[in-house]
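**Q** build me a structure from this.
(chains A and B)
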Amino acid sequence: MNDPLGVIVRVFSILWVPVMLVLPLGIVLLTPQRASEATQKTLSRSIVLALAVATALALAGWLGMLLASQRMQGGALRTATNFAWVLFFPLWFGLGVPALKARNPIWGEALQGRTSATGDLRTASLIPRGKDHPIRRGSWLFVAAVLIGLLGAIAARGLRPFGEDLVGQAQRSRWLMSLVLFVPIMAMTFAVVPWALRRALVEPEPLDSGGSQELMAMYRAQRMRQVRGMFWLLGCALPAFLGALITASVWLPSFGSEWGLMGGLGGAGIGVAGAAFGCWMSYQRVRIAEVKAKLDASRGVGA
Amino acid sequence: MITISLTSPVPLHDQLVGELRRLLATGKLRTGDELPPVRQLAGDLGINLNTVARAYRDLTEVGLLASGRGRGTVVIATVERPSGRPTEEKKRVEAALGAALADAKIAGLTQVEARSMLERQIERLWKND
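**A** As a prediction, the model looks like this:
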């Protein structure tokens, strides 16, 4: 335990689970209550109470497992304890999101980053949004140049001898595997990500009955941010990180476990950044949904 | 901008076609303008993809729109392609006009009010001719 990195990893792994388990309740409690009807308020209180009880039970279960795993030195139990954070998902989607919806009925589907047209009167713009793509061809060329450079660096390792011993053979296998691994990275970057960006551009943007310019501008700003964010995260950061990691592990194979740790931390970092970005986008959609509801209400159109 | 009503007795497809024809007739949609993809418009209006696709197809069949792979759906004319059956076309328009005027009478409008309304619409639609 004298290794500072080891201490950080240990502390992180212990704190990670309770933080994740408390997160849904924390977010719900920090969200203002804006339900106006008594039935909605009662519903909101009931769900928050259920969430609090479920969170307490999850924490108690985790704490019990943690103490038991330390006493019994059980490997499987320790693994289960470390993975107890997955209870975040049922807590968040099962109770957290319904609680948020009950506290803010106007948010509706915007909470999940979606917005569907509602109400009797439906208004839409006739401007094709796909033509308003914020990512230029030059940006893709830059990504392609970086990835081709990394692929070239991996391929160049094959020009040097690997050695005939077992270590050399293992390095040759890793090198070949690295070249193969680049195929899905390229496919994801140049096929899946552009497709996802095009889909993001045509996500529903229902307008108010008056076709407000303010609402259209809000949608456009959010759309541009979302597509740019997706491009930087999925089209640049993720493939560049994976490519760099693979290249580094091919050229400096002696740092095996360090690369693994860096991969884990970097991957988690990108994942957390993606989650934070997704939450931010959902929040912006929620704000747009609120503005639309206000505009419709001012014209006497119910949502 | 197009607006449809889910509570209207007019089918959604007919409303959509009517709205697009109105925009073409009033010059808000011009030759060369590109329409949004079916998925976008259907998503924005919260209606079925097929309803939008059928509306686009109907307007394509009469020569107002054209679709092509990679270029989307484009306005190619603001006047329908002659169907070769002018009498039938006139009958269709007359029936639609008759229905609209009947609607006006049932809604309690006087003859003067209906005439004034009709003239306003004629003025609006033919002002650039």
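
**Q** residues in chain B within reach of chain A, list them.
**A** Residues of chain B lying close to chain A (Cβ under 8 Å from any Cβ of the partner chain) are B:1-7, B:23, B:29, B:33-37, B:39-41, B:43-47, B:72. Placement of C-beta: from N, CA and C, glycine included.

**Q** list the buried residues for the helix ranked longest in chain B?
**A** In chain B, assigned by DSSP state H, the helix with the most residues is helix B:86-106. Neighbour counts over helix B:86-106 (16 or more other Cβ atoms under 10 Å in any protein chain shown) mark B:L101, B:A104 as buried.

**Q** burial count for A:S139?
**A** 15 (other Cβ atoms under 10 Å in any protein chain shown).

**Q** isn't it right up against A:W232?
**A** No. Contact criterion Cβ atoms under 8 Å: A:S139 and A:W232 do not qualify, at 9.4 Å.

**Q** just the buried positions in stretch A:91-99, please.
**A** A:L91, A:W92, A:L95, A:G96, A:V97, A:P98, A:A99.

**Q** from those, list the ones also adjacent to chain B.
**A** When contact is defined as Cβ under 8 Å from any Cβ, these do not meet chain B at all.

**Q** next one: the closest residue to A:I135 other than its chain neighbours from A:A244, what distance?
**A** Distances taken as Cβ to Cβ, 6 or more residues apart in numbering or on different chains place A:F231 nearest to A:I135, at 5.0 Å, with adjacent residues excluded. Distance, A:F231 to A:A244, using Cβ to Cβ, to the nearest Å: 18 Å.

**Q** higher neighbour count, those two?
**A** Per other Cβ under 10 Å, whichever of A:F231 and A:A244 has more neighbours is A:F231, with 22 against 15.

**Q** for chain B, see how far away that one is.
**A** 20 Å (Cβ to the nearest Cβ, to the nearest Å).

**Q** now do the contacts for that residue.
**A** A:P134, A:I135, A:S139, A:V193, A:L197 (Cβ atoms under 8 Å, 6 or more residues apart in numbering or on different chains).

**Q** reformat the residues you listed as TSV; add secondary structure.
**A** Supplementary listing: the contacts of A:F231 in TSV, determined by DSSP: H, G, I helix; E, B strand; the rest coil:
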residue	secondary structure
A:P134	coil
A:I135	coil
A:S139	helix
A:V193	helix
A:L197	helix
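
**Q** going by neighbour count, which of these comes out on top?
**A** Of the contacts of A:F231, with other Cβ under 10 Å as the count, A:V193 tops at 22 neighbours.

**Q** what's the closest non-adjacent residue to it?
**A** Take A:V193 and drop its neighbours on the chain: the residue closest to it by Cβ to Cβ, 6+ apart is A:G235, 4.4 Å away.

**Q** helix, strand or coil for that neighbour?
**A** Applying three-state DSSP: A:G235 is helix.

**Q** report pLDDT for it.
**A** With respect to pLDDT, A:G235 scores 94.

**Q** separation between it and A:G149?
**A** 16 Å.

**Q** could I get the full set of helices for the chain?
**A** No chain in the question, so chain A it is. A:4-30, A:38-72, A:75-82, A:88-89, A:97-103, A:137-157, A:166-187, A:193-201, A:213-230, A:238-251, A:256-298.

**Q** nope, chain B
**A** B:12-25, B:38-45, B:49-61, B:86-106, B:111-126.

**Q** got the buried residues for stretch A:167-175?
**A** A:Q171, A:R172, A:R174, A:W175.

**Q** oops, could you answer that again for stretch B:48-67 instead?
**A** Those would be B:T51, B:V52, B:A53, B:R54, B:A55, B:Y56, B:D58, B:L59, B:V62, B:L64, B:L65, B:S67, for stretch B:48-67 by 16+ other Cβ under 10 Å.

**Q** excluding its backbone neighbours, what's nearest the fourth one?
**A** Nearest non-adjacent residue to B:R54, counting by Cβ to Cβ, 6+ apart: B:H13, 5.6 Å away.

**Q** all set, thanks.
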